[in-house]
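Enquirer: what follows is a protein structure lacking sequence information:
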């Protein structure tokens, strides 16, 4: 069974979705830690909400999950870096480990900013 969801806007690239922050060990000792940017966190929360809404009731995949991506971007970007950010929103929303993902970038077009979106078909 396949189903689709359209995610408005252009996702942030994985190159810009993470930054160096601070983590803390016992005793308050700090260390450098990779953290998500607020932009990436907000985008992934939006993706999760859309995915939960679009998911058909009773959909329970067995084995691997194929995600086909059709990108309509307002700015040139590396699809591989976009897919990682999107999948970090999709798979937690489906309660599935993203190690089961088989991503496929099907197409990429440059469009006006107001028409930017990612169309995802999940099988």
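Expert: Cool, got the structure. Just so we're clear, the structure is a prediction, and the values are computed from it rather than from any experiment.
Enquirer: now residue 74: closest residue in space, sequence neighbours ignored.
Expert: Setting aside the residues directly before and after it, residue 74 is nearest to residue 113 in space (CB to CB, 6 or more residues apart in numbering), at 3.9 Å. Just so you know, the C-beta spots here come from the backbone N, C-alpha and C atoms, and that holds for glycine as well.
Enquirer: show the pLDDT at that neighbour.
Expert: You'll see residue 113 listed with a pLDDT of 98.
Enquirer: again, but for the one 4 residues further on
Expert: On pLDDT, residue 117 comes in at 98.
Enquirer: ok, it touching residue 11?
Expert: No: with contact defined as CB atoms under 8 Å, residue 117 does not count as touching residue 11 (9.9 Å).
Enquirer: looking at those two, which has the bigger crowd around it?
Expert: More neighbours surround residue 11 than the other of residue 117 and residue 11, with 29 against 18 (other CB atoms under 10 Å).
Enquirer: now do the same contact list for that one.
Expert: Each residue near residue 11 by CB atoms under 8 Å, 6 or more residues apart in numbering is listed here: 43, 82, 85-86, 118.
Enquirer: assign the residue positioned nearest the centre of the chain to helix, strand or coil.
Expert: Taking CA atoms, centre = their mean as the criterion, residue 86 is the residue nearest the geometric centre of the chain, at 0.9 Å. Secondary structure assignment for residue 86 (DSSP: H, G, I helix; E, B strand; the rest coil): helix.
Enquirer: same check, this time on residue 99
Expert: Residue 99 ends up helix, using three-state DSSP.
Enquirer: contact partners for it?
Expert: Contacts of residue 99 (CB under 8 Å, 6+ apart): none.
Enquirer: then residue 103?
Expert: Applying CB under 8 Å, 6+ apart to residue 103 gives the contacts 67, 69, 83, 87.
Enquirer: can you name the element that comes right after the strand or helix carrying residue 103?
Expert: If you go by DSSP states H and E, residue 103 is part of strand 101-110. Once the chain leaves strand 101-110, the next helix or strand it forms, by DSSP H and E, is strand 117-122.
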